[in-house]
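Student: Here is my input, please return the structure:
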Amino acid sequence: MTASATVRVMPADEIVARGGGETPFLRLPERSTVFAERAMRLRQLAAGHPLADYLGFVADIALAQQRRLLAMPAMPLPDAAALDCAARAGRPPLPADGGADPAWRGVLRELLADLRQSAPAATQPALQRLAAADDAFLDRQADALLSGLSEGLDVAAAPLVGAALQVLWTHQVTALQARAAEATTGALRAAPFGRIDDKTVCPCCGSRPTASITRASVEALGQRYLHCSLCSAQWHLVRVECARCGSTSKVAYQSLDAIDAADDDTARVAQAAVQAETCEACGHYLKIVHGDRDPYGEAVADDLASLTLDLLVAESGMRRHGVNLMLLFGDAATGPPPDPLGRA
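Tutor: I've put the predicted structure just below:
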């Protein structure tokens, strides 16, 4: 059977005491492996999973993304003046709400070519629509995804559009960081990314998180990072705070695990590797992937593989805060998860 358990987070002073030092604020994606590691985790999770076909397809997408990322040509990046302006305004230097560079369309078309042979039959119509679409249609789809709007959005095609946008923004983030690391003189040596005014969105691109993940590394053991849905950057937010509204008094964890009916081991359920962090103050939740419990956890992959947990939490009236571009929910994110392969 399945069971849920609710666990209150530890007080802020205890979290600080256990931290054992200063926690790095930002963890940027590793350009050479970011999507490949996601694909590996998806393959691992797909074994015996009810959504094995879709998880396998998203793994194929991730591998294609890795190839496209490594093949990305140089493109315009913000200059020192633009970076300084963003920092002074408390804004991310690569804002998603500023629109996507036209290069994203080329990435999409290359992804479509890579995936055409391996995509499941149910996803072929979406691939064909995108392959035949003109630039104006593609840009409308990208704008809808980046702005969080559902009107006019082709939901079946959205994961492919989202995949191309992820490649573009991951490229920009890693290229901007590399430029700063390689600069020897001048203003470009300054770190391009830092804290911004809104700590609930990505400090690199301003997007919402997919989920949060706790770290297993010594310098940040057990610390919670929000994982950006667009560029895969991770930024630190203490676990005592709601990732949406900042409340520190109404945060709890809900878990889903298989247990024996005769042995109601709620303590084990409470130690599940994936949980929903719920907030009674704002009525929303965000998944948390415990990398300190499962070192192979990956925010996007584990979020997709734990859709049953979304169903459980939705029954309590909580609304989903996390955004996973590989599987979009409803307008208000309150309905049940859709079937990823479009089956009735």
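
Student: quick one: the helices in the protein?
Tutor: Assigned helices in the chain, in chain order: 12-19, 34-46, 52-70, 80-89, 103-115, 124-132, 135-147, 158-182, 266-270, 299-305, 307-315 (criterion: DSSP state H).

Student: C-alpha coordinates for the last one, CSV please?
Tutor: Read that as helix 307-315. Below are the C-alpha coordinates for helix 307-315, written out as CSV (Å, rounded to 0.1, in the frame of the first residue of the first chain):
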residue,chain,number,x,y,z
LEU,A,307,3.8,12.1,-10.4
THR,A,308,1.9,9.9,-7.9
LEU,A,309,3.1,12.2,-5.2
ASP,A,310,1.5,15.1,-7.1
LEU,A,311,-1.8,13.3,-7.1
LEU,A,312,-1.6,12.7,-3.3
VAL,A,313,-0.8,16.3,-2.5
ALA,A,314,-3.4,17.7,-5.0
GLU,A,315,-6.1,15.8,-3.1
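
Student: Show me what it is packed against.
Tutor: strand 251-255, strand 274-279, strand 319-320 (3 or more Cβ pairs under 8 Å, 6 or more residues apart in numbering; DSSP states H and E). The C-beta positions use only the backbone N, C-alpha and C, and glycine is treated the same way.

Student: Ser212: which of the helices of the chain is closest?
Tutor: Closest to Ser212 of the helices of the chain, according to Cβ to Cβ: helix 299-305, at 7.4 Å.

Student: same for the closest one, what does it pack against?
Tutor: On a contact count with 3+ Cβ pairs under 8 Å, 6+ apart, helix 299-305 meets helix 34-46, helix 52-70, strand 209-214, strand 274-279, strand 284-290.

Student: most neighbours per residue, which of the helices of the chain?
Tutor: helix 299-305 (a mean of 26; mean count of other Cβ atoms under 10 Å).

Student: and that helix, average pLDDT?
Tutor: The pLDDT scores in helix 299-305 average 98.

Student: sorry, back to before: mind checking the helices and strands packed on helix 307-315 for the one nearest to Arg38?
Tutor: strand 274-279 (15.3 Å).

Student: Pull the distance from that closest one to the chain's centre.
Tutor: Counting by Cα atoms, centre = their mean, to the nearest Å, strand 274-279 is centred 15 Å from the centre of its parent chain.

Student: Out of the helices and strands packed on helix 307-315, which gets the lowest mean score?
Tutor: Across those, the lowest-scoring stretch is strand 251-255, with a mean of 90.
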